[in-house]
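K.L.:
take a look and give me a structure for this.
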Amino acid sequence: MSLAPLFSEFLIDLQQIEKTRGEGSLSAHGAVILDAFLKHTPFDSGTVYLRDLREPAFRLAAKTHHCTAPESIEGEVPADVVRAGDGSEIFLLSIVAGVDPRPHVLVPLRSSRDHVGLVTLSRQPPAPATDEELESLRTAAAFLNALITNQRLVQEMREGDFQLKYRLWELESLYDIGLSIAATLNIDELADEILFRMISLTNARRAALFLREGTRFVLYRSFGDVRVEFLDVELADQLVKQGEPLTFDGGSECLFPDCHTFVAVPIKGNEVIGVLAAADRETRDGGIGAFEPNELRLLSLFGSQVAIALENARLHKQALEKQAMERELELAATIQRDILPKALPVVEGIDIAALSRPARQVGGDYHAFVEGEGTLTLVVADVSGKSMPAALLVSALHAAIQLLFAEGRELGDIATELNKHIHRWSAENKFITMILVAIDREAESIRYVNAGHNPGYVILGGRLEKLQSHGLPIGILGGTRYAAQTRPFPAGSALVLYSDGITEAENVAGEELENAALEAVLRENVGASAQQLRDEIARAVDAFVGDAPQKDDQTLVIARTA
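P.N.:
Residues are numbered from 1 along each chain as shown. Here you go, the predicted structure:
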């Protein structure tokens, strides 16, 4: 289980520690923190330890009612989130040895100066934390660190000098800015807001936002002209390795044409994910001055807020994309359910069975039964691709088949017209392998067209015969013509059609079932009914595959004459 994609709700709950301002109580902070972590993570038990900066020990600030924990802990707190099984068991065994249930995750709370607290989390039944859960916990901890830092500085302001009061004002401004950008989930709007806020913080005349793509930093937004090539590999490497702001003064060689002063600030999450740049800081007298250490510190903290906001926007975008994909899959599945036969036809003298197993919510296999005057035509097809494109192509194929058969056309003409239709209206890389077999019970014969599909099998008098492909798949070349072939099909014969998901089914070793195994099943069951043949083939496939996941759709259509 992972944190909710809309991470802002978690952050809003963590913000409630602001309401404890002035109470001077570690327990008030701890209760808010623990409640937020348990509400927005899959963990159900935990503790919160916070440290008064005047004391070395971490004091118990909150715990769940069924948890036992010492009133204080001392020792080295991990620098990063630790989970059970990561080789960092020393922290789980030592610093919180008295906590029960045993923590599964330790979340350190660290300000820019020192550790300020520790959150321990566990759950029942025990389960190792996933990488996504750890990443979300790190993001929440970073936001919480900023809040706690702000709270601690408020306390120091009341006890300290003017410089502390001034820094507090800066951080509160930064905090408000962070909340503003954290509430923006659209990445384009967020980028504009980030640059606007950065210019406001520094009184800069120009700004730019770069986002990391692999080893490169790509310009995403800017206010003013930018020389993109200036952020070269060497400078980018320096920002990533040092993780600190870089400044340039007194020259025009910088990211912005003809600039006098310039600063580049890394945006750090778990790693450096982007760069903020600004140029030409205006002074109070209207001139241009260098970026001061105090402003560099502010920009570094602002970069942390930006990292949280960008991650929040990324999670939101992923959630929207996932929802859109799920809607598409459900619509495609509905289309396919409406197209595939809901029941087997009842035809005198012909025993029929079918099997349809899509590998995903939406498959690319298709089968149909078309009854004519004295004939029953079986169709099995495999459409290239998956999801909505495949579902739409199956829909077009289904409609065309129904119309062409209704016109009473000959089997070869039907395949030829289908090919023209699919080639004209589908994408260049879309095609369909298909086999059509018409059973004429009175004439005791079959006519078939195999357009690039797997060979069908005829069980005839105790022996197997193949209906091999004799044409290209439907939709490859618009001018392809197909001719039907005729085979005898006396009473008691059986017809077995299938998709490649049957013969290409893979086991855990990556080996395929192959046609030889299918033929062995058919030879062992030459006299079986259609339903028995279907069940024996399905049983053989399942036994061969074992625990391996199904990779392709599996379709079987079987008919036996009496």
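
K.L.:
how about low-confidence regions in the stretch 451-562 of the chain?
P.N.:
Along the stretch 451-562 of the chain, no part satisfies pLDDT under 70.

K.L.:
what are the ranges of the helices in it?
P.N.:
Assigned by DSSP state H, counting those that start in this stretch, the helices in the stretch 451-562 of the chain fall at 500-503, 514-524, 530-545.

K.L.:
let me know which of those is the nearest to residue 443.
P.N.:
The closest of these to residue 443 is helix 530-545. By Cβ to Cβ, the value is 20.4 Å. Quick note: C-beta positions are derived from backbone N, CA and C, even for glycine.

K.L.:
how about that closest one, which residues are buried there?
P.N.:
530, 533, 534, 535, 537, 538, 540, 541, 544, 545 (16 or more other Cβ atoms under 10 Å).

K.L.:
quick one: residues in contact with it.
P.N.:
351-355, 494, 496, 498, 502, 505-507, 513, 517-518, 521-522, 524-525, 528, 554, 556, 558-560 (Cβ atoms under 8 Å, 6 or more residues apart in numbering).

K.L.:
next one: it to chain centre, how far?
P.N.:
34 Å (Cα atoms, centre = their mean, to the nearest Å).

K.L.:
what does stretch 241-257 give?
P.N.:
Taking Cα atoms, centre = their mean, one finds stretch 241-257 lying 37 Å from the centre of the chain it belongs to.

K.L.:
buried sites along that stretch?
P.N.:
245, 246, 247, 248, 254, 255, 256.

K.L.:
need the contact partners of it.
P.N.:
Contacts for stretch 241-257 (Cβ under 8 Å, 6+ apart): 206, 208, 224-227, 230-231, 235, 238-239, 258-266, 268, 272, 277, 279-280, 290-291, 296, 299-300.

K.L.:
of these, select the buried ones using a ChimeraX command.
P.N.:
Under the burial definition 16+ other Cβ under 10 Å, those of the contacts of stretch 241-257 that qualify are selected in ChimeraX by:
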select :206,208,224,226,230,231,235,239,259,260,261,262,263,264,265,266,268,272,277,279,280,290,291,296,299,300
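
K.L.:
in helices only, show me the contacts of stretch 241-257.
P.N.:
235, 238, 239, 296, 299, 300 (DSSP state H).

K.L.:
so who does the last one touch?
P.N.:
This means residue 300. 244, 245, 265.

K.L.:
quick check, nearest of those residues to residue 376?
P.N.:
So of the contacts of residue 300, ranked by how close each gets to residue 376 (Cβ to Cβ), first place is residue 265, at 73.3 Å.

K.L.:
separation between the closest one and residue 72?
P.N.:
38 Å (Cβ to Cβ, to the nearest Å).

K.L.:
same question, residue 417
P.N.:
Residue 417 sits 83 Å away from residue 72, going by Cβ to Cβ.

K.L.:
show me which of these two is the more surrounded one.
P.N.:
With neighbours defined as other Cβ atoms under 10 Å, residue 417 and residue 72 compare such that residue 417 has more, 17 against 14.

K.L.:
flag the shaky bits of the stretch 301-450 of the chain, pLDDT-wise.
P.N.:
In the stretch 301-450 of the chain (pLDDT under 70), the answer is 328-329, 332-333, 335-337, 360-363, 386-388.

K.L.:
what segments of the stretch 51-200 of the chain are strands?
P.N.:
58-63, 72-73, 82-83, 105-110, 115-122 (DSSP state E, counting those that start in this stretch).

K.L.:
and these, which is most packed in?
P.N.:
For the strands of the stretch 51-200 of the chain, the largest average neighbour count (mean count of other Cβ atoms under 10 Å) is found in strand 115-122, namely a mean of 24.

K.L.:
send the alpha carbons of that one over as CSV?
P.N.:
These are the backbone C-alpha positions of strand 115-122, laid out as CSV (Å, rounded to 0.1, in the frame of the first residue of the first chain):
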residue,chain,number,x,y,z
HIS,A,115,18.1,16.1,14.6
VAL,A,116,14.9,17.3,16.2
GLY,A,117,12.9,14.1,16.5
LEU,A,118,12.2,10.6,15.4
VAL,A,119,9.0,8.8,14.3
THR,A,120,8.7,5.0,14.6
LEU,A,121,6.0,3.1,12.7
SER,A,122,4.9,-0.5,12.6
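
K.L.:
other SSEs contacting that strand?
P.N.:
With contacts defined as 3 or more Cβ pairs under 8 Å, 6 or more residues apart in numbering; DSSP states H and E, strand 115-122 has these neighbours: helix 26-40, strand 45-50, strand 58-63, strand 105-110, helix 131-159.

K.L.:
distance to residue 119 for these - can I get that in a markdown table?
P.N.:
As requested, the helices and strands packed on strand 115-122 are exported to a markdown table (distance: least, Cβ to Cβ, whole Å):
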| stretch | distance to residue 119 |
| --- | --- |
| helix 26-40 | 6 |
| strand 45-50 | 5 |
| strand 58-63 | 9 |
| strand 105-110 | 4 |
| helix 131-159 | 8 |
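
K.L.:
tell me the most buried of the ones you listed?
P.N.:
strand 45-50 (a mean of 25).

K.L.:
now that strand against helix 26-40, angle please.
P.N.:
140 degrees (axes from the mean of the first three to the mean of the last three Cα atoms, to 10 degrees).
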